[in-house]
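> got a structure for you, letters missing:
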């Protein structure tokens, strides 16, 4: 408003000096009104909106991309274009014309103020000349531009935001910007009526004759011309947990993103529950992701949503349940991760461990058949990391899901490989399996420079003679 007001005021002041030499000061109102309505109003409004709103859109979406909130949204079966881009484009296209009309009126008021107070022009003369001169063509010409400006501002802002690189999260994958194209929780969350090896617990995963839950066949992935993964082949059977170890930059997280379809393989095939998803588009991938839960490194919680809204995000988007039913599922899931009291908190109010547990709860909604964990304990203290590991074990053993757990922390890997969630004296606890370690269906993969250098059991890993593995295990 200030910009428009002073634009009109300056326009009246400067043009009146020129018009006075011709004895045409009375035309000041016409000149101010026509100039603002036809050109200056739309252009100046677009400049201000681009500077504030456009940059805000780019900053917000860029922050979400770096924080993996965009990928989290896609992993939950929601199209970021429809959820984030479309509303912003519609809002800018709609509101820039409204703001332009307001700017025109305020600008004319600014010209009126200067003309009547400082130039001695009659108020009625200024307003009459302005009103009489403006016609339908001027209004059409002036109002035809703002929707186009608003559309372009939103599109450019979204494009720049979704194409963000760098930041605190490090370099963003090419794929992050190149591929944006029943809700009953059958967990008995507090008092599970059956032990993990009870038939009831395993009935939905009794798939002896079915294909593996996950299978990668000779997969290679490049970023630019650099190979990140080279000829990767492995499978995860139904109910099995694969623990992927390796140093930073070895391609561990990329494997998870390939499985859930956040990036596409350059070579090879990716199979999920018997379906080749290698060349699936975004729409069929949405269906695949409904059966997969993924926990991102930093949690990737949506900052503007409460804990309840984060955990129930998938259900709210599907809109298949009433709000009371969604809240009931959310409360039960938060109870599973011991966060019932945090249901109304915002992510900014949570500690690091609470954020990870909230992320796990969000991934569990819908009772997925497959769970992917991308270093869920990174940066956490040992006690909090232990809590996260116990939640992973608890869900693995109660629901018999297929899992991939990416980590570089050996303590976490050995905990998952050697401990079970069992019932003892009427209480459920996580305890080391001493009598039959083979009951824990867990195997290891070691990556080095994008290649698999080891696949096997915990015992085989400990006794490996590979020099790199020996150094890693020290």
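Good, I have the coordinates. This is a predicted model, so every value here is computed, not measured.
> What does residue 276 show for phi and psi?
Here the main-chain torsion angles of residue 276 (degrees, to the nearest 10) amount to phi -80, psi 110.
> What pLDDT is listed against it?
What the model reports for residue 276 is a pLDDT of 94.
> Then the one 3 residues further on?
In this model, residue 279 is scored at 90, pLDDT.
> ok but it is inside a strand, no?
No - with DSSP: H, G, I helix; E, B strand; the rest coil as the criterion, residue 279 is coil rather than part of a strand.
> Am I right that it is in contact with residue 264?
Yes - because the distance of 7.5 Å satisfies Cβ atoms under 8 Å, residue 279 is recorded as touching residue 264. For the C-beta atoms, the positions are set from N, CA and C on the backbone; glycine is no exception.
> Tell me which of the two has more neighbours.
Summary of the neighbour comparison: residue 279 and residue 264, criterion other Cβ atoms under 10 Å, with residue 264 having more neighbours (17 against 10).
> Looks to me like that one is in a strand.
No - membership of residue 264 in a strand is not supported by three-state DSSP, which gives coil.
> what ranges do the strands span in the protein?
Listed in chain order, the strands of the chain (DSSP state E) span residues 214-223, 226-236, 241-246, 267-272, 275-276, 292-295, 370-374, 402-406, 419-424, 427-432, 442-448, 451-456.
> taking those together, which one is wrapped up most tightly?
Ranked by mean neighbour count, the strands of the chain are led by strand 292-295 with a mean of 28 (mean count of other Cβ atoms under 10 Å).
> So which residues make contact with that one?
For strand 292-295, contacts defined as Cβ atoms under 8 Å, 6 or more residues apart in numbering pick out 72, 75, 256, 259-260, 272, 356, 359-360, 363-366, 368-374, 376.
> now do 6 Å
Counting by Cβ atoms under 6 Å, 6 or more residues apart in numbering, strand 292-295 makes contact with 75, 260, 359-360, 363-364, 368, 370-373, 376, all of which sit outside it.
> Looking at the residues you listed, which is nearest residue 10?
When the contacts of strand 292-295 are compared for distance to residue 10 (Cβ to Cβ), residue 75 wins out at 52.8 Å.
> Contact partners for the closest one?
For residue 75, the set of contacting residues under the criterion of Cβ under 6 Å, 6+ apart consists of 260, 289, 294.
> mind checking how far it is from residue 469?
31 Å (Cβ to Cβ, to the nearest Å).
> do residue 367 as well
Here residue 367 is placed at a distance of 36 Å from residue 469 (Cβ to Cβ).
> now do residue 250
In this structure, residue 250 and residue 469 are 13 Å apart, going by Cβ to Cβ.
> Which one's more surrounded, these two?
residue 250 (23 against 19).
> First-to-last residue distance for stretch 16-29?
Using Cα to Cα, to the nearest Å, the gap from the first to the last residue of stretch 16-29 comes to 9 Å.
> buried residues in it?
Residues of stretch 16-29 classed as buried by neighbour count (16 or more other Cβ atoms under 10 Å): 16, 19, 25-29.
> Adding distance to residue 388 and pLDDT as columns, could you present those residues in TSV?
Conversion of the buried residues of stretch 16-29 to TSV gives the following (distance: Cβ to Cβ, whole Å; pLDDT from 0 to 100):
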residue	distance to residue 388	pLDDT
16	72	78
19	75	77
25	77	73
26	77	73
27	74	78
28	71	82
29	70	84
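> For the residues you listed, give me a markdown table that also has distance to residue 461.
Supplementary listing: the buried residues of stretch 16-29 in a markdown table, determined by distance: Cβ to Cβ, whole Å:
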| residue | distance to residue 461 |
| --- | --- |
| 16 | 86 |
| 19 | 88 |
| 25 | 91 |
| 26 | 92 |
| 27 | 88 |
| 28 | 85 |
| 29 | 85 |
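> So which of those residues are in helices?
Counting by DSSP state H, the members of these that fall within helices are 16, 19, 28-29.
> returning to what we had before: dump the strands of the chain into CSV; add distance to residue 144 as well.
Putting the strands of the chain into CSV (distance: least, Cβ to Cβ, whole Å) gives the following:
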stretch, distance to residue 144
strand 214-223, 44
strand 226-236, 48
strand 241-246, 56
strand 267-272, 49
strand 275-276, 49
strand 292-295, 46
strand 370-374, 49
strand 402-406, 53
strand 419-424, 65
strand 427-432, 66
strand 442-448, 57
strand 451-456, 59
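> Out of the ones you listed, flag the one nearest residue 325.
Going by Cβ to Cβ, the one of the strands of the chain nearest residue 325 is strand 292-295, 19.6 Å.
> tell me the mean pLDDT over that closest one?
Confidence for strand 292-295, expressed as mean pLDDT, is 92.
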